[in-house]
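Trainee: only geometry, no sequence info:
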Ligand code: DX5
Ligand code: ZN
């Protein structure tokens, strides 16, 4: 079993019972809780806002890994940190001054993350790497759960792993989209230290704990 962190995406949970879903994946062995925030503008879908994050916060003591797919992101940084985001990740094209946005997240007391879409190069993190606690590699185009893993992102994960190792800092390298028991080992071999999974956890074949364990399992 690998020591990769598993961050179930509640996007694939029952939205009528989100508090219970958060408590259930926590009990089933999740290391973090991934919250997908979409605004219908940066991505073609709308999900949840800070009020829901705040309402969910008491249902788990695990870190909340909040993924903002909103533009602009800056006006909402305070609200999401106050609501209980531990990691707060933004897309570099969600505002004009990504360095300033990352600084604002840290100044507010959360851990800043930068998200790379499938078409965004690894080198994007280079000028801001000192500000990052997390790099999130999208292995699908953002907006929806249940899409297929884009294999070309594995090379990007390998490149990011080298860049992160050179810093000597503990930066989480997380992969998001189409992660399942078949693609998880590929991500881990490429250097990922955390995996987001929505469908594979909430709609997988087994119980929540079996589905989470299947993502950590070494390939046979
Ligand atoms: C997509 C989201 C992902 C998504 C993952 O925009 O960022 O977190 O919910 O869902 P699966 O695991 O089903 O691909
Ligand atoms: Zn996500």
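Mentor: Okay, I see it. Just so we're clear, the structure is a prediction, and the values are computed from it rather than from any experiment. Numbers count the residues shown, from 1 in each chain. Ligands and ions are numbered 1, 2, ... in the order given.

Trainee: switch to C-alpha atoms for all contacts and neighbour counts from now on
Mentor: Noted.

Trainee: got the contact list for the longest helix anywhere in the chain?
Mentor: Of all the segments of type helix in the chain, defined by DSSP state H, the longest one is helix 153-167. Here helix 153-167 makes contact (CA atoms under 8 Å, 6 or more residues apart in numbering) with 118, 121-122, 126, 129-130, 137-139, 170-171, 173, 186-187, 190-192.

Trainee: Next: stretch 87-96.
Mentor: Identification of contacts with stretch 87-96 by CA under 8 Å, 6+ apart yields 42, 63-74, 80-81, 98, 105, 110-117, 133-134, 136.

Trainee: For ChimeraX, what selects the buried ones among these?
Mentor: Buried residues within those, by 16 or more other CA atoms under 10 Å, are selected in ChimeraX with:
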select :42,63,64,65,66,67,68,69,70,71,72,73,74,80,81,98,105,110,111,112,113,114,115,116,117,133,134,136
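
Trainee: circling back to that earlier point, restrict the contacts of helix 153-167 to those near ligand 1?
Mentor: With CA under 6 Å from any ligand atom as the criterion, no member of those is in contact with ligand 1.

Trainee: Got a quick ChimeraX command for the buried subset of those?
Mentor: Entered in ChimeraX, the line below selects the buried ones among those, by 16+ other CA under 10 Å:
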select :118,122,129,137,138,139,171,173,187,190,191,192
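
Trainee: Which of the contacts of helix 153-167 fall within strands?
Mentor: 137-138, 173 (DSSP state E).

Trainee: ok, those vs residue 201, which is closest?
Mentor: Distance to residue 201 across those (CA to CA) is lowest for residue 138, with 17.5 Å.

Trainee: need the contact list for that closest one.
Mentor: Counting by CA under 8 Å, 6+ apart, residue 138 has contacts 115-118, 153, 175-177.

Trainee: would JSON lines of those residues with pLDDT be doable?
Mentor: Supplementary listing: the contacts of residue 138 in JSON lines, determined by pLDDT from 0 to 100:
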{"residue": "115", "pLDDT": "99"}
{"residue": "116", "pLDDT": "99"}
{"residue": "117", "pLDDT": "98"}
{"residue": "118", "pLDDT": "98"}
{"residue": "153", "pLDDT": "98"}
{"residue": "175", "pLDDT": "98"}
{"residue": "176", "pLDDT": "98"}
{"residue": "177", "pLDDT": "98"}
